[in-house]
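Peer 1: Give me a 3D structure for the following:
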Amino acid sequence: MKIIFAIDSFKGSLSSIEAGNAAAEGARRVFPDAECVVRPLADGGEGTVEALAAGLGGELRRVQVTGPAEKPTLATYGVVGTMAIMEMAQASGITLVSGADKNPLRTTTFGVGEMIKDAIAHGCRRFVVGIGGSATNDGGAGMLQALGFGLLDRDGNDIPRGGGGLASLDRIERGAAMPELKECTFRIACDVTNPLCGEKGASAVFGPQKGATPEMVATLDAALAHFADVARGDPCFPGAGAAGGLGFAFREFLGGELKSGVEIVLEETRFDDAVRDADIVVTGEGRLDAQTVMGKAPIGVARAAKRFGKKVIAFSGCVTPDAGAVNAHGIDAFFPILRQVVPLEEAIEKGNAAANLAATAEQVFRCFRLGVH
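Peer 2: Numbers count the residues shown, from 1 in each chain. Down below sits the predicted model:
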């Protein structure tokens, strides 16, 4: 029997690999000779760097960069051969600002560019970048400035950083950008389809949660529209408005491919090759609910497995009454792992969660040994 384990992290508890190993331990108690293959899983958001770096035998690098409010911060990214795995939130995330610093007129993606620049200096030429959780609305202008692009006003000076600075943009000089960028490819984990501007654009939809007032939203939207006009790019492309317009910058200036995060992860980890001759696929995440079907990692696994006609089961720290929605999207059965009522802190403790997951997996695989499947 060959079993593939591709489980997303249980936030605040188990990493993707730890969860996979725990479930595999339970399966081996029933089928000691089974071939258990644990694959890293993430959806491009928090935990993607650690999951892919650990699962693909890479390493983590830490670099000091400019945070969204232009204060120094440490950002971590993964390196696997010549591939860099990044989360923009490490350098320009919403969790890095508070109070008066939460101002999208001023917050910048400059640190994202510094991360990329550091990775290029260390030999990376392939990039997988998750762009969720941003504090910014600058259209990726800060990232471009860090990479050498000239974003200049009428007097030939650099425009101010932040979304508000785009209003003074007069011309863009691409020739000064890092020459190594021509050797690089960028795959952008992007699970939103918002355009850059308008009522469904970056400023109107995401600006308020980043600190934008209604007046700021109008200013930022106009600034992004001006940026797109000067750049002669496509502001309507699905995902251009992701991360305050960072999706636009990656696509228009760096040739980035915007795609579902879990699809990118599954492709980079060669999931299809692993599942092709599997007997069963095991997935899961910390919480299964109706939102899981909205492009989350377990559904990505299920869809990939169903292309090969595989049975799919899922484990979760908890499930909600509406979790049954996942059954119509490729997950044949799911099982909560909590075995008794305990405080949350006790339930998510790493050792307890791993033990519960292994024990639940063991009982489920006993059904397979009985032929109940």
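Peer 1: Got the domain ranges for this protein?
Peer 2: The chain breaks down by automatic domain parsing into domains covering 2-41+270-369, 48-262.
Peer 1: Span of the longest one from start to end?
Peer 2: Between the start and the finish of domain 48-262 there is a gap of 10 Å, counting by CA to CA, to the nearest Å.
Peer 1: Show me which residues of stretch 191-209 are buried.
Peer 2: Going by neighbour count (16 or more other CB atoms under 10 Å), the buried part of stretch 191-209 is 191-192, 194-198, 201-207. C-betas here are computed from N, CA, C, even on glycine.
Peer 1: so how far is that stretch from its chain's centroid?
Peer 2: Offset of stretch 191-209 from its chain centre (CA atoms, centre = their mean, to the nearest Å): 18 Å.
Peer 1: This structure: strands as residue ranges?
Peer 2: In the chain, the strands defined using DSSP state E lie at 2-5, 35-38, 59-66, 72-80, 83-87, 126-130, 150-152, 171-173, 185-189, 257-259, 280-288, 311-319, 333-336.
Peer 1: And those strands: which comes nearest Ala347?
Peer 2: strand 311-319 (7.0 Å; CB to CB).
Peer 1: Give the other helices and strands that that closest one contacts.
Peer 2: If you count contacts as 3 or more CB pairs under 8 Å, 6 or more residues apart in numbering; DSSP states H and E, strand 311-319 packs onto strand 280-288, helix 297-306, strand 333-336, helix 350-369.
Peer 1: which one is Leu56 nearest to, not counting chain neighbours?
Peer 2: Val80 (4.5 Å; CB to CB, 6 or more residues apart in numbering).
Peer 1: Could you report the neighbour count for the one you found?
Peer 2: Using other CB atoms under 10 Å, Val80 is surrounded by 19 other residues.
Peer 1: Enumerate every residue touching it.
Peer 2: Applying CB atoms under 8 Å, 6 or more residues apart in numbering to Val80 gives the contacts Leu52, Ala53, Leu56, Gly57, Gly58.
Peer 1: out of these, which one sits closest to Glu257?
Peer 2: Nearest to Glu257, judged by CB to CB, of the contacts of Val80 is Leu52 at 16.8 Å.
Peer 1: Dump the helices and strands packed on strand 311-319 into a markdown table; add distance to Leu14 and mean pLDDT as well.
Peer 2: As requested, the helices and strands packed on strand 311-319 are exported to a markdown table (distance: least, CB to CB, whole Å; pLDDT from 0 to 100):
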| stretch | distance to Leu14 | mean pLDDT |
| --- | --- | --- |
| strand 280-288 | 8 | 95 |
| helix 297-306 | 14 | 95 |
| strand 333-336 | 14 | 96 |
| helix 350-369 | 5 | 94 |
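Peer 1: Out of those, which gets nearest to Phe149?
Peer 2: Using CB to CB, the helices and strands packed on strand 311-319 put helix 297-306 closest to Phe149, at 33.4 Å.
Peer 1: Taking strand 311-319 as reference, get the angle to the closest one.
Peer 2: If you take axes from the mean of the first three to the mean of the last three CA atoms, to 10 degrees, helix 297-306 sits at 170 degrees to strand 311-319.
Peer 1: how distant is helix 297-306 from the center of its chain?
Peer 2: Centroid displacement of helix 297-306 relative to its chain, using CA atoms, centre = their mean, is 16 Å.
Peer 1: just checking, what packs against it?
Peer 2: helix 261-268, helix 271-275, strand 280-288, strand 311-319.
Peer 1: re earlier: now, the contacts of Val80 that are in helices?
Peer 2: Per DSSP state H, helices hold the following members of the contacts of Val80: Leu52, Ala53.
Peer 1: Next, the buried residues of the lowest-mean-pLDDT helix or strand in the chain.
Peer 2: When each helix and strand of the chain is scored by mean pLDDT, DSSP states H and E, helix 344-348 comes last, with a mean of 82. Within helix 344-348, the residues scored as buried using 16+ other CB under 10 Å are Ala347, Ile348.
Peer 1: Mind listing residues that contact it?
Peer 2: If you take CB under 8 Å, 6+ apart as the criterion, helix 344-348 is touched by Phe10, Gly12, Ser13, Gly317, Leu338, Asn352, Ala353, Asn356.
Peer 1: Which of these sits closest to Glu114?
Peer 2: Closest approach to Glu114 among those (CB to CB): Gly12, at 28.5 Å.
Peer 1: Report how many residues lie close to that closest one.
Peer 2: 13.
Peer 1: Name the nearest residue to it, ignoring sequence neighbours.
Peer 2: Ile348 (5.3 Å).
Peer 1: For that neighbour, give its distance to Pro214.
Peer 2: 39 Å (CB to CB, to the nearest Å).
Peer 1: Same question for Val37.
Peer 2: Distance from Val37 to Pro214, counting by CB to CB: 52 Å.
Peer 1: Do I have it right that Ala225 meets Pro195?
Peer 2: No: the pair Ala225 and Pro195 fails to qualify as a contact (CB atoms under 8 Å) at a distance of 10.4 Å.
Peer 1: Quick check: neighbours shared by these two?
Peer 2: Pro235.
Peer 1: circling back to that earlier point, looking at Val37 and Pro214, which one has more neighbours?
Peer 2: Neighbour count, other CB under 10 Å: between Val37 and Pro214, Val37 has more, with 16 against 10.
Peer 1: The more buried one against Met1, yeah?
Peer 2: No: with contact defined as CB under 8 Å, Val37 does not reach Met1; the gap is 11.2 Å.
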